[in-house]
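Trainee: Below is the structure, and that's it, no one-letter string:
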């Protein structure tokens, strides 16, 4: 159970404190073998899942034999947190063990009690679901912008905003990571940055990027 | 302040209970005129906003004069809930008053206190951000599926899952709403449903839809 203190849910609590907290509620500790199903898409999410050991993956269409892997989760980590308190709480994906795995199941009503009684766990959990929300919202915004220059412009304006509207700021990611985010190759990213430079919209100096014409940049977002 | 009892955050509490709860904390009640800015994109979200009267809209690029409207919010309603507890809590959109508007601002630390002290407000708030997460996740999943038949198949399998894996279930939305969700016209939706019928994958009877070949249906999701 030592791994619990390394999860975001129990971050900031000592193992002793966590054991004390868990003493006051019911929970299940279950073991899975490789390829065992942990939960099926469509099931109502009634438990918080905390993976203590091993790896699981989220997949769709597992009932038909064929499966598309959506995500891999490594211990220690909770998962499916966004579903637990949603009105439509049916899991969108199935969860399958990839290795031997041990998972703590905490029923919603008991986990609610922890949230009510422990301000730190509450703060942690609000952070987890809010961060997930932000990540998904950003992905969605990117996908809704159709062309690469628009996506790049959207990214740069968000970066400027994150630096309190400064016109110069670091790129914020390696070119590799940024290319990945935009769904293009690194040379393509470079080409697009150079285009913006030639258009007099940005300038680049080592790791710093400057927006020279914010209006032109934002007009690229469609 | 009567409108507060109609917001999701305070749902289930009487006006008297809400006033009692608010008595224990600091908050601001601010008035806005049409076209006033309530918050700017890029600002850190440090308050819960509760719109008591009037209408506001979320928009991007407002600093350049040009603006793209993202959403309109009518009183009584809270907004930007997903940002308040996120690590990267910079607002993605600016908020502008559309009409005369009155908005309650509750600072994060005071709202945290309400969440810690009142289980009902906590449950409401967890529901709000979780529901937002689910909506954005579903939109994202739809966008990631490239063709219309794939989107339709994904929707139908989710509907079946939401009915505990039943093979027959109601369509769940009017054809108009479903067409909108899929980003196509109503005739195009009809054509696609008919295609699936001809392929022997589904049958339709008034408001009920039956999946005849789940494997074939799920193989349409790319």
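Mentor: Okay, I see it. Please read all numbers here as calculations on a predicted model, not as lab measurements.
Trainee: CA atoms for contacts and neighbours, from now on please.
Mentor: Noted.
Trainee: Contacts only, for the residue positioned nearest the centre of chain A.
Mentor: Central residue of chain A (Cα atoms, centre = their mean): residue A:132, 4.6 Å from the mean position. Residue A:132 sits next to A:82, B:133 when contact means Cα atoms under 8 Å, 6 or more residues apart in numbering or on different chains.
Trainee: gap between the one helix or strand it maps to and the chain center?
Mentor: Here residue A:132 is covered by helix A:119-144, with elements defined by DSSP states H and E. Put simply, helix A:119-144 sits 7 Å off its chain's centre (Cα atoms, centre = their mean, to the nearest Å).
Trainee: The helix or strand that comes right after that helix versus helix A:119-144: what angle between them?
Mentor: Using DSSP H and E, the next helix or strand after helix A:119-144 towards the C-terminus is helix A:148-162. Helix A:148-162 runs at 150 degrees relative to helix A:119-144, counting by axes from the mean of the first three to the mean of the last three Cα atoms, to 10 degrees.
Trainee: So what's the residue count around the residue lying closest to residue A:51 once chain neighbours are set aside?
Mentor: Of all residues not flanking residue A:51 in the chain, residue A:103 sits nearest, at 4.5 Å (Cα to Cα, 6 or more residues apart in numbering or on different chains). Residue A:103 has 24 neighbours, counted by other Cα atoms under 10 Å in any protein chain shown.
Trainee: try residue A:125
Mentor: By the criterion of other Cα under 10 Å, residue A:125 has 21 neighbours.
Trainee: Same question for the one 10 residues further on.
Mentor: Other residues near residue A:135 come to 17 when the count uses other Cα under 10 Å.
Trainee: ok, now residue A:167?
Mentor: 18.
Trainee: Kindly report the same for residue A:197.
Mentor: 16.
Trainee: Quick check: can you name the pairing partners of the lowest-mean-pLDDT helix or strand in chain A and their directions?
Mentor: Here the helix or strand of chain A ranked lowest by mean pLDDT, DSSP states H and E is strand A:68-74, holding a mean of 79. Sheet pairing here is set by DSSP bridges, and for strand A:68-74 it gives strand A:55-60 (antiparallel).
Trainee: list the buried ones in the strand it pairs with?
Mentor: For strand A:55-60, burial by neighbour count (16 or more other Cα atoms under 10 Å in any protein chain shown) applies to A:55-60.
Trainee: Repeat that for stretch A:184-204.
Mentor: Residues of stretch A:184-204 classed as buried by neighbour count (16+ other Cα under 10 Å): A:186, A:189, A:193, A:196-197, A:201-204.
Trainee: So what touches that stretch?
Mentor: A:148-149, A:175-176, A:179, A:209-214, A:216-217.
Trainee: Let me see the contact set for residue A:153.
Mentor: The contact partners of residue A:153, taken as Cα under 8 Å, 6+ apart, are A:217-218, A:220-221.
Trainee: Quick one: the buried residues of strand A:55-60 as TSV, columns for pLDDT too.
Mentor: As requested, these are exported to TSV (pLDDT from 0 to 100):
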residue	pLDDT
A:55	96
A:56	95
A:57	91
A:58	86
A:59	81
A:60	68
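Trainee: between those residues, which is nearest residue A:83?
Mentor: Closest approach to residue A:83 among these (Cα to Cα): residue A:58, at 13.8 Å.
Trainee: ok, the closest one touching residue A:91?
Mentor: No - judged on Cα atoms under 8 Å, residue A:58 makes no contact with residue A:91 at a distance of 10.2 Å.
Trainee: Leaving out the residues flanking it, which one is nearest to residue A:58?
Mentor: Closest residue to residue A:58 apart from its sequence neighbours, by Cα to Cα, 6+ apart: residue A:95 at 4.7 Å.
Trainee: so how far is chain B from the one you found?
Mentor: According to Cα to the nearest Cα, to the nearest Å, residue A:95 stands 15 Å off from chain B.
Trainee: That residue - how many residues pack around it?
Mentor: Close neighbours of residue A:95, defined as other Cα under 10 Å, add up to 27.
Trainee: Quick check: beta-bridge partners of it?
Mentor: Assigned bridge partners for residue A:95, using DSSP bridges, are residue A:39, residue A:58.
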